[in-house]
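> Generate a structure from the sequence data that follows.
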Amino acid sequence: MNDNERTSVTTRGADATAIGALPPVGVVPEQMHVQAVRQDRYGDPADAFQHEVVPTPRIGSREVLVAVMAAGINYNNVWAARGYPVDQVGVRQKRGEPEDFHVGGSDASGVVYAIGDEVSDWQIGDEVVIHPGVWDEEDPWIAAGRDPMIAPSAKIWGYDTNYGAFGQFARVQSHQLMPKAQHLSWAEAAAPTLVGTTAYRMLLGWEGNTVQPDDLVLVWGGSGGLGTQATQLVQHAGGRAVAVVSDEERGRYAMKHGAIGFINRREFDHWGVPPLVDDKAGQKEWTTGVRAFGKRLWEVAGAREDPAIVFEHPGAATVPTSIFLCRPGGMVVICAGTSGFDAMVDLRYHWTRQKRFQGSHGTNDVQALAYNQLVCDGKIDPVVGRVLKFDDIPQAHAQMGRGEEVFGNTVVLVGADSPEQGRA
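Below you'll find the predicted structure:
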């Protein structure tokens, strides 16, 4: 928004505005359109999400209300739609929140429409993107100067919290806001922040095992939204990313976004929980498979070199391979378990070679701002794969849950009326 379009006064309107349009800046309707999940619909995301009209949320003194122009699709709301592994509606009701629905979405671009009484760093009319780290600023962990994303109160906005990006107005903590990159459209700006800040923390947030120049990094899911952010960040840091994908087309896509090469995982069949150590025949078969995968990695790297960092998120299917292949003193860093949560590690390849298995979740403000600056400077591509309509949210999550759409990031338009709108 131009300076002369900003206002410091918020008023309340009566009716919800149509999708693809916004009320005047600072005018907040009493109701809004959302894609909501309810407990009696948990299951297939195609059915769990439904288009509803609900009251527009009120904000607290340190919160901001953002009119959502576009929203990104992420795997966390596949889980929210399934009600597994966490019933988010039930958890929030136990905390005393009254809503019996979940409005998810952890990526958004938009315009500030209302600010709390204690918010001084943002104005109505500001164009912003939102990072997903949420916490209680009074948390003793944070007051002691520790990383807020590890605090007991830390949550992921739009997954653990209500009123995320899949509504016309999102409720956020003021520290979550960051400037929108002016050269990007609303759709492009909404695409990368959750996966990008997650990847930034994974690759650059763990002292002693951050990406260094010439490091080899193995990136699972290299053609997806998370993977394409990771390969770019590795490249920017001077490292070399090798993507793991499921076909040649996806491999070429990963190379377009920073990977030096790729491995087609469908050429191997040793995935999942390996045989127990005393199963000598099974162990021999599994070890043969994982060594063949490692040899393929050496071929792509051009030398008998093991990865300094393995960028993990599939979990159950791939963690045994990741731990086996990671170089001594290296790190396997994981942020999810899209293939399952029950991973098994053969500790012989872990403690004797002194490897690090690091969990990583979300982002803190410092990491988010550093990542967003790379986007604003044009050094990181949001990698938009598809731009969809608001009512495509259910099917987009269903497809993501089935692993059918893995080319970059998927975005839906909310307040924006075209994929190109929003560029300066």
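> in the protein, which spans are helices?
Taking DSSP state H, the helices of the chain run over residues 45-48, 76-82, 88-94, 140-143, 186-190, 193-204, 225-236, 248-256, 280-301, 319-325, 365-376, 393-401.
> Just name the most buried of those.
For the helices of the chain, average neighbour numbers computed from mean count of other C-beta atoms under 10 Å are highest in helix 186-190, which has a mean of 31. Placement of C-beta: from N, CA and C, glycine included.
> and it, average pLDDT?
Averaging pLDDT along helix 186-190 gives 98.
> Show me what it is packed against.
strand 63-72, strand 108-115, strand 384-388, strand 409-413 (3 or more C-beta pairs under 8 Å, 6 or more residues apart in numbering; DSSP states H and E).
> for residue 282, what are its contacts?
274, 275, 276 (C-beta atoms under 8 Å, 6 or more residues apart in numbering).
> Among these, which one sits closest to residue 222?
Nearest to residue 222 out of those is residue 274 (C-beta to C-beta; 23.1 Å).
> Of all the helices of the chain, which one is nearest residue 32?
Closest among the helices of the chain, using C-beta to C-beta: helix 393-401, at 14.5 Å.
> quick check: angle from that closest one to strand 409-413?
Helix 393-401 runs at 180 degrees relative to strand 409-413, counting by axes from the mean of the first three to the mean of the last three C-alpha atoms, to 10 degrees.
> Which neighbouring elements make contact with helix 393-401?
Short answer (3+ C-beta pairs under 8 Å, 6+ apart): helix 393-401 packs on helix 45-48, strand 49-55, helix 76-82, strand 409-413.
> Which neighbouring elements make contact with the last one?
With contacts defined as 3+ C-beta pairs under 8 Å, 6+ apart, the secondary structure elements packing on strand 409-413 are strand 63-72, helix 186-190, helix 225-236, strand 384-388, helix 393-401.
> Give me the sheet partners of that strand and which way each runs.
Strand pairing for strand 409-413, using DSSP bridges, gives strand 63-72 (antiparallel), strand 384-388 (parallel).
> tell me the mean pLDDT over the longest one?
What that stands for is strand 63-72. Mean predicted lDDT for strand 63-72 stands at 98.
> For residue 286, list the residues it contacts.
Contacts of residue 286 by C-beta under 8 Å, 6+ apart are 270, 274, 275, 320.
> hmm, back to that, out of the strands paired with strand 409-413, which is the most enclosed?
strand 63-72 (a mean of 28).
> Determine the angle, from 0 to 180 degrees, between that one and helix 225-236.
90 degrees.
> Hmm, residue 320 is touching residue 347, no?
No - Residue 320 is beyond contact range of residue 347, at 11.2 Å (criterion: C-beta atoms under 8 Å).
> Below-threshold pLDDT in the stretch 251-400 of the chain: ranges please.
The stretch 251-400 of the chain contains no residues with pLDDT under 70.
> Sketch out the low-pLDDT regions of the stretch 101-250 of the chain for me.
For the stretch 101-250 of the chain (pLDDT under 70), the answer is none.
> I'd like the helices and strands packed on helix 186-190 as a markdown table, with distance to residue 220 appended.
As requested, those are exported to a markdown table (distance: least, C-beta to C-beta, whole Å):
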| stretch | distance to residue 220 |
| --- | --- |
| strand 63-72 | 20 |
| strand 108-115 | 26 |
| strand 384-388 | 18 |
| strand 409-413 | 17 |
